[in-house]
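Asks: got a predicted model here, sequence first, then my questions.
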Amino acid sequence: MIFNSIQWRLQLWYGLILLCVLAGFGFTASQLARSQQFRLVDEELQRRLGPVDESLRTPPEARNHRPGPPGPEGFPEGPPPEEQPFPSGPERSRPNRPAGRDELPRLPPRHFTLLTRHAGLFDDSGSNSFYYVVWSRTGDELGRSTNAPPSVQKPQAVPGQNLPPRQRDIYREIIHVTPLGEISLVGRSVAPELSGLRASVGWLVVTGVVILLLGLLGGWWISSRAIRPIKSISTAAVKIAAGDLSQRIDAADTENELGRLAGVLNSTFARLESAFTRQKQFTSDAAHELRTPVSVILTQAQSTLNRERSPAEYRETIDACLRAAQRMRRLIESLLELARLDAGSEAMKLTRCDLAQSAHECIDTIRPIAETRSIRITEKLTPCYCLGDADRISQVIINLLSNAIQYSPEATEISVACQNLSGTALLSVKDQGEGIPEEDLPHIFERFYRVEKSRQAGRTGLGLAISKTLVEAMGGTIRVSSQLGVGSEFEIRFPSTQN
């Protein structure tokens with residue numbers, strides 16, 4: 001289903017919203033144009049309703065006069081002095097009479113004639129489509145213009161009622177009802193206006209369709225560009241799931257949300273690749289380290305079982321197997337410790353401890369081993385307090401001292417110093433060995449890494465890796481500097497807690 005696609009959903013919602021906006025705008029614009037057009041027509045009708053009402057109120061004896069000069073659009077400048085239209089309201093029912101006579105109600109008119117000066121406002125010419133119809137209070141038709149359509153019927157109204165303009169087919173009409181009940185209707189054909197409005201609506205529809213199509217094309221282009229990183233993410237994830245960890249997401253625009261997400265995922269993929277590579281190398285190295293002592297044990301056992309041997313030979317075989325088993329035990333313990341540290345399950349008892357005191361105790365512990373090779377350990381220890389696990393700090397120092405003894409020539413010196421430096425508790429272990437080649441320094445803390453394979457017999461290559469993991473778990477750092485032919489120096493730094 002295409003509607004399962006995010007891009008199609010975005011396009012559908014965008015299209016619906018754009019369609020609603022265009023429809024609302026088109027409807028509002030057409031209604032405003034229609035209202036404006038009919039308002040102009042109503043104003044014209046209202047201006048012609050006045051002369052009809054004036055003619056209806058003017059008595060026959062006042063109709064013989066000379067019309068005044070015509071005003072704009074055929075209307076006179078003003079009524080001549082001799083014309084006296086009937087007053088509206090209650091006074092309209094009685095005509096002017098000589099003073100002193102009783103006033104009698106005005107009889108309803110029996111016919112209607114438009115005043116001569118207003119005759120030009122209503123005719124049947126093509127340029128003038130206005131018409132009028134007048135009814136008496138009794139409902140009889142008093143008169144109509146020659147161009148009035150036959151379909152005009154007397155409206156239902158009560159005296160004095162104000163009726164709104166009405167639309168009847170193609171005719172627009174306004175109606176005036178006097179307080180006495182006479183009805184005047186003025187109208188005109190609005191067919192040209194309706195035709196123009198229909199044309200305007202047609203143009204609005206065509207314009208709206210064009211805008212809708214352009215908007216849909218633009219929305220598809222924008223949504224395609226927006227969804228492109230997601231497709232790239234999906235493609236890269238599929239390849240990574242298949243085992244190709246070198247895949248990365250091609251994110252050209254890294255400033256938007258999807259670009260930043262692609263950057264984060266690329267960083268995650270890089271860490272995954274690095275972790276899998278380390279895990280693969282770690283597994284290979286661990287298998288290699290375990291294979292050697294297992295092979296020793298199997299070889300010694302098979303050789304011994306091939307023939308009868310003396311008690312001394314049996315003892316020698318057992319000693320060889322014991323040494324191999326001890327090496328396996330040390331390796332397994334180191335692997336288990338690293339696994340616990342990686343999993344974060346190894347609890348650290350962080351307390352305020354003296355780094356110098358821990359170093360002094362470790363030196364006393366390992367000094368007898370150094371003396372067997374005539375190696376002298378000097379110490380320059382200043383009290384340095386830091387926050388850490390005293391047992392783990394001692395383990396790290398023992399590892400560094402054992403490593404220094406292992407790679408130092410006989411009758412050399414190992415220097416251990418401890419000092420406070422810029423708010424940092426610093427411990428350094430410096431030997432006078434052959435040093436570490438520069439190309440090996442970046443890898444010295446990697447697991448199972450050995451600088452000189454021929455000089456590593458009996459060692460697992462995990463001591464420095466464990467030391468680095470422990471120091472970083474306590475919030476410290478460890479680094480090494482070395483110079484060939486001069487020696488190496490390891491430095492441990494912890495944040496100082498001196499008072």
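Replies: Right, received. Where do you want to start?
Asks: would you map the strands across the chain?
Replies: Assigned by DSSP state E, the chain shows strands spanning 130-135, 141-144, 166-168, 171-177, 183-189, 351-354, 376-381, 385-388, 413-421, 424-430, 477-483, 487-495.
Asks: of all those, which one comes closest to residue 235?
Replies: Nearest to residue 235, of all the strands of the chain, is strand 477-483, at 39.7 Å by Cβ to Cβ. (C-beta placed from N, C-alpha, C; glycine too.)
Asks: could you list the buried residues of the closest one?
Replies: 478, 480, 482 (16 or more other Cβ atoms under 10 Å).
Asks: cool, stretch 287-300 as well?
Replies: For stretch 287-300, a neighbour-count test (16+ other Cβ under 10 Å) marks 289-290, 293, 296-297, 300 as buried.
Asks: wait, residue 348 touches residue 389, no?
Replies: Yes - at 4.8 Å, residue 348 and residue 389 qualify as touching, with contact defined as Cβ atoms under 8 Å.
Asks: give me the common contacts of the two.
Replies: Common contacts of residue 348 and residue 389 (Cβ atoms under 8 Å, 6 or more residues apart in numbering): residue 474.
Asks: any idea of the pLDDT on the residue nearest the centre of the chain?
Replies: What sits nearest the mean C-alpha location of the chain, by Cα atoms, centre = their mean, is residue 257, with 6.3 Å. pLDDT recorded at residue 257 is 72.
Asks: gap between it and residue 249?
Replies: Note on residue 257: its distance to residue 249, by Cβ to Cβ, to the nearest Å, is 14 Å.
Asks: which residues of the protein fall in helices?
Replies: When assigned using DSSP state H, the helices of the chain occupy the ranges 6-57, 191-241, 257-305, 311-343, 355-371, 390-407, 463-473.
Asks: now distance to residue 420 too, for those, in CSV please.
Replies: Below are these laid out as CSV (distance: least, Cβ to Cβ, whole Å):
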stretch, distance to residue 420
helix 6-57, 59
helix 191-241, 48
helix 257-305, 35
helix 311-343, 28
helix 355-371, 9
helix 390-407, 16
helix 463-473, 18
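Asks: out of those helices, nearest to residue 164?
Replies: With Cβ to Cβ as the criterion, residue 164 lies closest to helix 6-57 of the helices of the chain, at 9.4 Å.
Asks: what's the closest one packed up against?
Replies: Using 3 or more Cβ pairs under 8 Å, 6 or more residues apart in numbering; DSSP states H and E, the elements in contact with helix 6-57 are strand 130-135, strand 171-177, strand 183-189, helix 191-241.
Asks: what confidence value was assigned to the closest residue to residue 337 other than its chain neighbours?
Replies: Once flanking residues are discounted, residue 337 sits nearest to residue 466: 6.1 Å by Cβ to Cβ, 6 or more residues apart in numbering. Here, the pLDDT recorded for residue 466 equals 83.
Asks: residue 466 reaches residue 338, doesn't it?
Replies: Yes - using Cβ under 8 Å, residue 466 makes contact with residue 338 at a distance of 6.2 Å.
Asks: looking at these two, which one has more neighbours?
Replies: Neighbours per residue (other Cβ atoms under 10 Å) separate residue 466 from residue 338, with residue 466 holding more: 21 against 18.
Asks: contacting residues for the more buried one?
Replies: 334, 337-338, 341, 395, 399.
Asks: can I get those residues in a markdown table with distance to residue 230?
Replies: Shown next, in a markdown table, are the contacts of residue 466 (distance: Cβ to Cβ, whole Å):
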| residue | distance to residue 230 |
| --- | --- |
| 334 | 44 |
| 337 | 43 |
| 338 | 38 |
| 341 | 38 |
| 395 | 48 |
| 399 | 48 |
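Asks: top of the residues you listed by number of neighbours, please.
Replies: Using other Cβ under 10 Å as the neighbour criterion, residue 399 leads those with 21 neighbours.
Asks: what about the stretch 151-300 of the chain, any weak spots by pLDDT?
Replies: Along the stretch 151-300 of the chain, the model assigns pLDDT under 70 to residues 251-256, 285, 288-289.
Asks: go with 90
Replies: 151-164, 166-170, 178-182, 188-194, 215-216, 218-300 (pLDDT under 90).
Asks: and the closest residue to residue 476 other than its chain neighbours, how far from residue 209?
Replies: Take residue 476 and drop its neighbours on the chain: the residue closest to it by Cβ to Cβ, 6+ apart is residue 494, 4.2 Å away. Relative to residue 209, residue 494 is positioned 74 Å away (Cβ to Cβ).
Asks: next, the buried residues of stretch 324-337.
Replies: Those would be 324, 327-328, 330-331, 334-335, 337, for stretch 324-337 by 16+ other Cβ under 10 Å.
Asks: closest one to residue 239 out of those residues, please.
Replies: Taking the buried residues of stretch 324-337 together and measuring to residue 239 by Cβ to Cβ, the closest member is residue 335, at 32.0 Å.
Asks: who's in contact with the closest one?
Replies: Contacts of residue 335 (Cβ under 8 Å, 6+ apart): 286, 462.
Asks: gap between it and residue 396?
Replies: Counting by Cβ to Cβ, the gap from residue 335 to residue 396 is 18 Å.
Asks: related to what we said a few turns ago, any idea what the residue nearest to residue 476 is bridged to?
Replies: residue 425 (DSSP bridges).
Asks: right, and it touches residue 387 too?
Replies: Yes - using Cβ under 8 Å, residue 494 makes contact with residue 387 at a distance of 7.1 Å.
Asks: between the two, what contacts are shared?
Replies: Joint contacts of residue 494 and residue 387 (Cβ under 8 Å, 6+ apart) are 474-475.
Asks: and those two? Which one has more around it.
Replies: residue 494 (22 against 16).
Asks: which residues touch the more buried one?
Replies: Residue 494 is in contact with 355, 386-388, 424-425, 471, 474-476, counting by Cβ under 8 Å, 6+ apart.
Asks: what subset of the residues you listed is buried?
Replies: 355, 386-388, 425, 471, 474, 476.
Asks: which one of these is nearest residue 374?
Replies: The closest of those to residue 374 turns out to be residue 355 (Cβ to Cβ; 27.9 Å).
Asks: show the model's pLDDT score for the closest one.
Replies: pLDDT for residue 355: 92.
Asks: so which of residue 348 and residue 389 has more stuff around it?
Replies: Taking neighbours as other Cβ under 10 Å, residue 348 and residue 389 compare with residue 389 leading, 19 against 15.
Asks: now the more buried one: how far from residue 495?
Replies: Taking Cβ to Cβ as the measure, residue 389 falls 14 Å from residue 495.
Asks: beta partners for residue 415?
Replies: Here residue 415 sits in beta bridges with residue 378, residue 430, as judged by DSSP bridges.
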